[in-house]
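> all I have is the shape, not the residue letters:
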């Protein structure tokens, strides 16, 4: 092949990929610029990287099936005729969350905050042991350890007494479990299993869609009556696969009420959208609001679901705050818009508190997070770093009356690539409990001081800002 022909093909590939990067819808300008630099700055490899990692579709055929399943499933909770009465400050965030899946805010919910990760697992096991009809579990990471084993044993017992048990795990996050004997024993006992985004034949699927899109949700539903929502995977706090960052500190709430139906509907869409058996009939059973319960809403975001749902809801909650916003998240790589919203909230006199882990299991994310410190602290945001382990709890409270919890982090992966689940609630009691837990995190954290950040070396600032610069392509 002649040199001129080689160059012509190279520039044709580069131009074609560059045009795609520039015209892909729903992409931030910073992300477009970062990809332009990669495509133009790294000959051939930059274009190939974009083709592998630049899009946010898991593949046309898979996306079509998931969307077909969602379209066929109901979105209104049967048996709930009254609309939820929402505080005025909460209406914007609830309205934005409602658009994602078509679910409406529903009244009559109750919740109990679990003491810690082990207590959450023990409560789940007790509820599974008492289950009469169905148990549904979807998690990103399931480890073959003490807590993971307890849940598997409970599911085996439930299946053996005739309870229909369905378990779905992410193909990457739970890859070790999928090769374990206990997982095969659970299948042999009659537990139905599924894999979200299998990693088998990953190289061959590069041409069909982005292979690092994950199902990061954490959903636990028992008898269509009880749901657990929060940040916890099926694992010990010691988290054996990343033990040097342990303990992993999570938060889980046990819910009853109509939001359980919405959680079950999210599971059904994922289960059936990945080829599982039809469970649509289960969504025909009416939900019963609990007398005196609070209004809440579940929404499940993803790369083909209502772009920027998570940062939009967070932004609206920030805008609604009058006195205080407290946020904990393990992975903090905000969009420019969300970072400016945090600054604006603090600048108008609201106390904004951000709790992040001092040591992050993702070094690149930890670096990118710190690139935002100077700007946020300069605007009055209080940043604290949690020191005893990896703070994995994703929480947001507003003025002691609103709360957002779930699987989503405040990073670009959760915003654009992962399938996540979030629960928004308006209740002073439960929000107060979550706020008290946040206070416990703060008691084990160190405040990041402006003068310390100002004295960071040139090398550290280069590393942090470089990580933040390339974060849009990750």
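Yep, that arrived. Every value quoted in this text rests on a predicted model; they were computed, and no experiment measured them.
> domain map for the chain?
3-53, 61-86+108-294, 309-473 (automatic domain parsing).
> what's the span of the second one from first residue to last?
Taking C-alpha to C-alpha, to the nearest Å, the span from the opening residue of domain 61-86+108-294 to its closing residue is 40 Å.
> average pLDDT across that domain?
Regarding domain 61-86+108-294, the rounded mean pLDDT is 93.
> now render the domains of the chain as TSV, adding mean neighbour count.
For the C-beta atoms, the positions are set from N, CA and C on the backbone; glycine is no exception. Listed next are those as TSV, based on neighbours: other C-beta atoms under 10 Å:
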stretch	mean neighbour count
domain 3-53	15
domain 61-86+108-294	19
domain 309-473	20
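> export the ones you listed to JSON lines and tack on distance to residue 302?
Output for the domains of the chain, formatted as JSON lines (distance: least, C-beta to C-beta, whole Å):
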{"stretch": "domain 3-53", "distance to residue 302": "13"}
{"stretch": "domain 61-86+108-294", "distance to residue 302": "8"}
{"stretch": "domain 309-473", "distance to residue 302": "4"}
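> now do residue 374 against residue 448, distance only.
10 Å (C-beta to C-beta, to the nearest Å).
> centre of the chain to stretch 328-346, how far?
Distance of stretch 328-346 from its chain centroid, counting by C-alpha atoms, centre = their mean, to the nearest Å, is 16 Å.
> quick one: mean pLDDT for that stretch?
Stretch 328-346 comes out at a mean pLDDT of 96.
> now do that stretch: distance from first to last residue.
16 Å.
> got it, and stretch 268-280?
7 Å.
> also stretch 107-124?
Where stretch 107-124 begins and where it ends lie 24 Å apart, using C-alpha to C-alpha.
> what of stretch 234-241?
End-to-end distance (C-alpha to C-alpha), stretch 234-241: 13 Å.
> residues touching that stretch, excluding its own?
116-118, 121, 137, 139, 141-143, 145-148, 151, 176, 245-250, 389-390 (C-beta atoms under 8 Å, 6 or more residues apart in numbering).
> so which of the residues you listed are in strands?
137, 139, 248-249, 390 (DSSP state E).
> which residues touch the residue most central in space within the chain?
Taking C-alpha atoms, centre = their mean, the centroid of the chain lies closest to residue 408, which sits 2.4 Å from it. Residue 408 sits next to 216, 301, 310, 394, 414-415, 418, 420-422 when contact means C-beta under 8 Å, 6+ apart.
> hmm, try it at 10 Å
216-217, 231, 299-301, 309-311, 313-314, 329, 331, 394, 414-415, 418-422 (C-beta atoms under 10 Å, 6 or more residues apart in numbering).
> can you check residue 120 too?
So residue 120 contacts 113-114, 147, 220, 228, 230, 232, 250-254 (C-beta under 10 Å, 6+ apart).
> going by distance to residue 366, which of these wins?
residue 250 (18.8 Å; C-beta to C-beta).
> and that closest one, what is it in contact with?
So residue 250 contacts 114, 116-117, 120, 218, 230-233, 235, 237, 239, 330, 390-394 (C-beta under 10 Å, 6+ apart).
> in strands, which of these fall?
230, 390-391.
> returning to what we had before: any idea how far the residue nearest to the centre of the chain lies from residue 102?
19 Å.
> before we move on, what about residue 302?
14 Å.
> name the residue in the two with the higher neighbour count.
Neighbour count, other C-beta atoms under 10 Å: between residue 302 and residue 102, residue 302 has more, with 26 against 15.
> for the residue nearest to that one when sequence neighbours are not counted, give me the pLDDT.
Closest residue to residue 302 apart from its sequence neighbours, by C-beta to C-beta, 6 or more residues apart in numbering: residue 419 at 4.0 Å. Note on residue 419: pLDDT of 95.
> residue 419 contacts residue 140, correct?
Yes - between residue 419 and residue 140 there is a contact under C-beta atoms under 10 Å: 9.3 Å.
> how about residue 302, phi and psi?
phi -180, psi 170 (degrees, to the nearest 10).
> ok, now how distant is it from residue 310?
10 Å.
> what's the overlap in contacts for these two?
100, 416, 418, 420.
> hang on, the earlier thing: looking at the ones in strands among the contacts of residue 250, which one is closest to residue 325?
The closest of the ones in strands among the contacts of residue 250, once distances to residue 325 are taken by C-beta to C-beta, is residue 391, at 17.0 Å.
> please name the bridge partners of the closest one.
For residue 391, the beta-bridge partners under DSSP bridges are residue 249.
> next up, the contacts around it.
231, 247-251, 328-330, 355-360, 384-385, 441, 444-445.
> residue 215 too?
Here residue 215 is in contact with 58, 138-140, 168-173, 195-197, 270, 273-274, 300, 302, 407, 418-421 (C-beta under 10 Å, 6+ apart).
> mind listing which of the residues you listed are in strands?
138-139, 168-170, 195-196, 300, 420-421.
> from residue 78, how far out is residue 34?
In terms of C-beta to C-beta, residue 34 sits 46 Å off from residue 78.
> so residue 147 touches residue 123, yeah?
No - counting by C-beta under 10 Å, residue 147 does not reach residue 123; the two are 11.8 Å apart.
> quick one: the helices in the stretch 1-150 of the chain, in order.
3-23, 29-41, 45-53, 60-72, 91-101, 117-129, 146-160 (DSSP state H, counting those that start in this stretch).
> between those helices, which one is closest to residue 183.
helix 146-160 (7.4 Å).
> tell me which other helices or strands the closest one touches.
Where contact means 3 or more C-beta pairs under 10 Å, 6 or more residues apart in numbering; DSSP states H and E, helix 146-160 is packed against helix 117-129, strand 134-139, strand 164-170, helix 175-178, helix 181-188.
> can you do 6 Å?
Applying 3 or more C-beta pairs under 6 Å, 6 or more residues apart in numbering; DSSP states H and E, one finds that helix 146-160 makes contact with helix 117-129, strand 164-170, helix 181-188.
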